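**Q** Starting from these lines, generate the structure:
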Amino acid sequence: MDVLLTQYSHGAGCGCKISPSQLNIILAGAQSSVNFPGLVVGHGAKDDAAAFDLGDGRVVLSTTDFFMPIVDDPHTFGRIAATNALSDIYAMGGQPLMAIAILGWPMDKLSPEIAAEVIAGGRQVCEQAGIPLAGGHSIDAPEPIFGLAVTGIANQSNLKTNRMAQAGCDIFLTKPLGVGILTTAQKQQTITAADLTHAISSMCQLNAIGARLADFDGVTCITDVTGFGLLGHLLEVCEASGIRARLDVNAIPLLPNVIAYLEQGCVPGGTLRNWHSVQDKVVPLDEQTQRLLCDPQTSGGLLVMVKQSARIAFQALCQQQGVDLQPIGQTFKSALNQPNAPIIEVV
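**A** Just a heads-up that it's a prediction; the model follows:
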């Protein structure tokens, strides 16, 4: 008998994330008073992964990501969750080494055979990335949950953090937006098979290009766009680096038919939470633009800041990797004489 996993959870994918404003409260006292000199990246700048100096020019990367089902098919859910977790390593300019699984399963509602399909999907993606799914931990939980804890490695010279963005950069996005809107349409049973296929294809696309881009001299910063939406993750970079940004909304790539589903009311619950968390630092936006730029992305693309002088060479590199990218915005110096000016402008 077919199972519809999304019927067993109150949220979906990275839309389950606690909002940035609430997370700030939770983490307010989390900074350790103990000095760990080897910890070169912790949670202070809201980076994608932690990084610890190995003392030989390399850093070990560590991250975890897990969520409730965003699609109904168990194997596909496992693939998406694993792809999303691996993205954190690629966004730091690293290569994954191994992963362990995190599984919460409602044993009274869903069979262990279905859980095995989820794990198989995750294992398939790990094999695609060239790493083992080396173990994991599971609990009996009220809702299905799956994800990975991933260990990676990077040359310290290639490590990309949220504090490294500079003014005078072009902003690129490696995947189109709209996953949250399309998967909400799936939950409302209004999406076409073709549009759902586009969303799944995007979510299952590894961000392995991140490690290659991190080795390019003109790239100053990389982060991935997930549950906080494009505005939320761009704001994290701007605040960490002390810069401003301007986005061209018409240049931002979208998945097919996203606007049509948005007009039908297919809006994830996390969208409004995301907007409330950023609205004081972003220029006022019309409702449609808010919902597009705050749409929670599950296994979204990489947000890449590239020195404008290196743009042509960067685009050529991306084409060699099979990706045709155009800038979606630019970064600027902070307006020191306007302390209350918006950090992000959308035109």
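**Q** thought L234 was touching I344?
**A** Yes. Applying Cβ atoms under 8 Å, one finds L234 in contact with I344, separated by 6.2 Å. Placement of C-beta: from N, CA and C, glycine included.
**Q** More neighbours: which of those two?
**A** Neighbour count, other Cβ atoms under 10 Å: between L234 and I344, L234 has more, with 28 against 20.
**Q** tell me, how many neighbours does G55 end up with?
**A** Neighbours of G55 (other Cβ under 10 Å): 9.
**Q** Shouldn't it be within a helix?
**A** No. Applying DSSP: H, G, I helix; E, B strand; the rest coil, one finds G55 to be coil, outside a helix.
**Q** neighbours around the residue nearest to it when sequence neighbours are not counted, how many?
**A** Among residues not flanking G55 along the chain, G38 sits closest, at 7.6 Å (Cβ to Cβ, 6 or more residues apart in numbering). Other residues lying near G38 total 11 when counted by other Cβ under 10 Å.
**Q** likewise V249?
**A** Count around V249 with other Cβ under 10 Å applied: 15.
**Q** Now do the strands in the stretch 1-150 of the chain.
**A** Ranges of strands in the stretch 1-150 of the chain, per DSSP state E, counting those that start in this stretch, are 39-41, 50-53, 58-67, 95-105, 133-140, 145-155.
**Q** May I see the ones you listed arranged in CSV, with distance to E127 as well?
**A** As requested, the strands of the stretch 1-150 of the chain are exported to CSV (distance: least, Cβ to Cβ, whole Å):
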stretch, distance to E127
strand 39-41, 28
strand 50-53, 25
strand 58-67, 18
strand 95-105, 11
strand 133-140, 8
strand 145-155, 13
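**Q** and A240, what element?
**A** helix 229-241 (DSSP states H and E).
**Q** swap that for G300, sorry
**A** Residue-wise, G300 maps onto no helix or strand under DSSP H and E.
**Q** Touching, it and F228? I think so.
**A** No. If you go by Cβ under 8 Å, G300 and F228 don't touch, sitting 10.0 Å apart.
**Q** Tell me which of the two has more neighbours.
**A** Neighbours per residue (other Cβ under 10 Å) separate G300 from F228, with G300 holding more: 31 against 27.
**Q** what about the more buried one, distance to S87?
**A** 8 Å (Cβ to Cβ, to the nearest Å).
**Q** so what sits against both of the two?
**A** 224, 226 (Cβ atoms under 8 Å, 6 or more residues apart in numbering).
**Q** mind listing what the residue nearest the centre of the chain touches?
**A** Nearest to the mean C-alpha position of the chain, by Cα atoms, centre = their mean, lies T226 at 2.8 Å. Shown in contact with T226 (Cβ under 8 Å, 6+ apart): 14, 17, 65, 84, 87, 233, 296-300.
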